[in-house]
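Asker: Prediction below, plus the sequence it came from.
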Amino acid sequence: MADWSLELYREKEGEDVNSISQMPEIILNEMKLLNLVIFLFITVITVHAQRGYIHDGSALRFLVESGTIPILFWKLPATVVMLCAAFMLLLSIPCNNHPELVIKLLAEYGIALWISALTGFGYTGAVLLLLADAMRYRIDWKKRIWYIALICILYLVMNGNILQDFFHTIPLSQMWMYYRQDARNSLLGILNMLGLINTLVFILYMVVLTITQTSEKERILRLNSQLQAANRKLEEYAEEQVRMTETRERNRLAREIHDTLGHSLTGIITGIEACIMLMDIAPEATKEQLRAIAEVARGGITDVRHSVNALRPDALENLELHRALEKLVEESERSTGVKVDFTFPEDLQMLDQDEEDVLYRIVQESITNAIRHGHASQIRIEITRSGNDLKIHIEDNGVGCDEIHSGFGLHHMQERIDMLKGSLSYSGSNGFVIDAVVPIRVASEEEDGGNERR
């Protein structure tokens, strides 16, 4: 429930961020439309006044009073519309770098100046549209200040008389002298009101833009904080994984070395004790026993090397499981003199590597414990298969024990069987008996017809 609520909150927060981020663009589009309406309003009223001068026959008097010839009334609307279209197109073009923005602003200012000159510099609020267009880009404050200062200077220049004299422009107030005083005042009032609305929209745009950019910065800071927290958690998790891996590796090496060295040393010790007893009465048998002991020692060293290198027992690397177990039993009998009765199912030929490793180590550890702790002279090992389970029964005629303390060997044996989701039980009332059940995967695959496993 908490996760669902958090996800819902994040979706709502994302929708709010998207709606806020779109507000400046919406206001800017409204500002473009408003400026287009103002230019068209001035153009329509100006064309109507020019046509009025012509129809009333007062065009000559107007020309004498103004001292200049205005653009023909039929050319003015077409020129203003084309310039407005070019102006709006430039405003919609995005910039990728600072030089592109400078060129774009100069072109926009040139068109805005041209339109203002055609309309008698009666409206110069389009400069605010240029400033709004420049402020939407993510530029540093030093460049922003330069843009603001430059556009403000251009705004002041457009509102002065210098450009009117340069372009020989007829002031809008003089162009609209055609209308009566009350009508002219109403038209100028409408124009001033539209210019005021343009200024208010520009102020609203700057406020919303500032809020949006501030919110975006806060959101980025918050995301950075969350990212840092996530990175810290990942680092802690990685460190924990390293520690767990190190612990598992230490346990694995401990199991491998215990099983390998324990079995080899047990065989060596038992064999040497037998040699001491046979040395005087049977020298040749003693030599044979020593050779078997040397072979067991070499095998133990090889297994230790493989264990350190995270490899399998040497016997399983070179032999199939059945032959490796037979070799283990033969070496144990030769080096210790203990009789081992070994039974292995013929239909169990293809186990997975981890299953073979566990089975080999269980047999190896059981033989070692029977000789070292139980002082057994006979060991019976019976491995059978029942469906998907592999059953291991190992018993000896050793001394046994009434109270069993799970030592290093039994503990590691339990860990190995647990990795395969098996079970282990043992008893020491009559010798020592170990029963293990290990689920195997070969049975289910054979039922599906999958005989090729490797």
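Answerer: Here it is on my side, so go on.

Asker: Packing partners of the lengthiest helix in the chain?
Answerer: Counting residues, the longest helix found in the chain (DSSP state H) is helix 181-278. Judged by 3 or more C-beta pairs under 8 Å, 6 or more residues apart in numbering; DSSP states H and E, helix 181-278 is in contact with helix 2-56, helix 126-135, helix 283-308, helix 321-336, helix 353-372, helix 408-419. (Glycine included, C-beta is placed from N, CA and C.)

Asker: Isn't residue 80 up against residue 118?
Answerer: Yes - assessed by C-beta atoms under 8 Å, residue 80 is found in contact with residue 118 at 5.9 Å.

Asker: overlap in contacts of these two?
Answerer: When contacts are counted by C-beta atoms under 8 Å, 6 or more residues apart in numbering, residue 80 and residue 118 have residue 43 as shared neighbours.

Asker: for the longest helix of the chain, what is the average pLDDT?
Answerer: In this model, helix 181-278 has a mean pLDDT of 79.

Asker: same thing with stretch 374-394?
Answerer: The model assigns stretch 374-394 a mean pLDDT of 89.

Asker: residues in contact with that stretch?
Answerer: The contact list for stretch 374-394 (C-beta under 8 Å, 6+ apart) reads 329, 337-345, 347-348, 351, 355, 359, 362-363, 366-367, 370, 395-400, 431-440, 443-444.

Asker: again, but for stretch 324-333
Answerer: 263, 267, 292, 295-296, 299, 313, 315-316, 319, 338-340, 342, 344, 359-360, 363-364, 367, 371, 381.

Asker: Centre of the chain to it, how far?
Answerer: Remark: stretch 324-333 is offset 53 Å from the chain centroid, using C-alpha atoms, centre = their mean, to the nearest Å.

Asker: Give me the buried positions along it.
Answerer: 324-326, 328-329, 331-333 (16 or more other C-beta atoms under 10 Å).

Asker: which of these lies closest to residue 96?
Answerer: Of all the buried residues of stretch 324-333, residue 96 sits closest to residue 324, with 69.7 Å by C-beta to C-beta.

Asker: Please check the contacts of stretch 324-333 and keep the buried ones.
Answerer: Judged by 16+ other C-beta under 10 Å, buried ones among these: 263, 267, 292, 296, 299, 313, 315-316, 338, 340, 342, 344, 359-360, 363-364, 367, 371, 381.

Asker: Am I right that residue 437 is in a strand?
Answerer: Yes - residue state for residue 437 (DSSP: H, G, I helix; E, B strand; the rest coil) corresponds to a strand.

Asker: Tell me the buried residues in stretch 22-30?
Answerer: Neighbour-count burial for stretch 22-30 flags 24, 27-28 (criterion: 16+ other C-beta under 10 Å).

Asker: Stretch 108-122 too?
Answerer: So stretch 108-122, judged by 16+ other C-beta under 10 Å, has buried residues 108-109, 111-122.

Asker: Residue 119 contacts residue 43, correct?
Answerer: Yes - with contact defined as C-beta under 8 Å, residue 119 and residue 43 form a contacting pair (6.4 Å).

Asker: so what are the domain limits for this protein?
Answerer: Here the domain parsing of the chain from automatic domain parsing is 17-179, 244-447.

Asker: I'd like the ones you listed laid out as a markdown table, including distance to residue 220.
Answerer: Shown next, in a markdown table, are these (distance: least, C-beta to C-beta, whole Å):
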| stretch | distance to residue 220 |
| --- | --- |
| domain 17-179 | 11 |
| domain 244-447 | 35 |
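
Asker: Compare those domains and give me the one nearest residue 213.
Answerer: With C-beta to C-beta as the criterion, residue 213 lies closest to domain 17-179 of those, at 7.7 Å.

Asker: I'd like the distance from that closest one to the chain centre, please.
Answerer: With C-alpha atoms, centre = their mean as the basis, the mean position of domain 17-179 lies at 49 Å from the chain mean.

Asker: And for stretch 216-234?
Answerer: 13 Å.

Asker: What of stretch 190-197?
Answerer: 53 Å.

Asker: again, but for stretch 354-368
Answerer: With C-alpha atoms, centre = their mean as the basis, stretch 354-368 stands 43 Å off its chain's centre.

Asker: i'd like the first residue to be 28 from this point on
Answerer: I'll keep to 28 as the first residue from here, and by that count the last item is stretch 381-395.

Asker: what about it, average pLDDT?
Answerer: 85.

Asker: what's that stretch in contact with?
Answerer: By C-beta under 8 Å, 6+ apart, the residues outside stretch 381-395 that reach it are 282, 286, 289-290, 293, 339-340, 342-343, 348, 351-352, 355-356, 359, 365, 367, 378, 406, 408, 410, 417, 419, 421, 436, 439-440, 443-444, 446-447, 449, 461, 463, 465, 467-468.

Asker: Next, count neighbours for the closest residue to residue 73 other than its chain neighbours.
Answerer: With C-beta to C-beta, 6 or more residues apart in numbering as the criterion, residue 73 has its nearest non-adjacent residue at 5.6 Å, and that residue is residue 202. Neighbourhood size, residue 202 [other C-beta atoms under 10 Å]: 22.

Asker: tell me the contacts of the residue nearest to residue 400 when sequence neighbours are not counted?
Answerer: Spatially, and ignoring its direct neighbours in sequence, residue 400 is nearest to residue 425 (7.3 Å; C-beta to C-beta, 6+ apart). By C-beta under 8 Å, 6+ apart, the residues touching residue 425 are 397, 400-403, 458-459.

Asker: Which members of those residues are positioned in helices?
Answerer: Using DSSP H, those in helices are residue 397.

Asker: Report the backbone C-alpha coordinates of the host helix or strand of residue 201 in PDB.
Answerer: With elements delineated by DSSP states H and E, residue 201 resides in helix 199-202, which encompasses its position. As requested, the backbone C-alpha atoms of helix 199-202 are provided in PDB (Å, rounded to 0.1, in the frame of the first residue of the first chain):
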ATOM      1  CA  LEU A 199       0.700  57.700 -35.400                       C
ATOM      2  CA  SER A 200      -1.000  60.500 -33.600                       C
ATOM      3  CA  GLN A 201      -0.700  62.700 -36.700                       C
ATOM      4  CA  MET A 202      -1.700  59.800 -39.000                       C
END
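
Asker: Show the average pLDDT along it.
Answerer: 77.

Asker: buried set for stretch 460-469?
Answerer: 460-461, 463-465, 467, 469.

Asker: How about residues contacting that stretch?
Answerer: Residues from elsewhere that reach stretch 460-469, judged by C-beta under 8 Å, 6+ apart: 375, 377-379, 382, 385-386, 389, 393, 412, 415-422, 440, 444, 447-454, 480.
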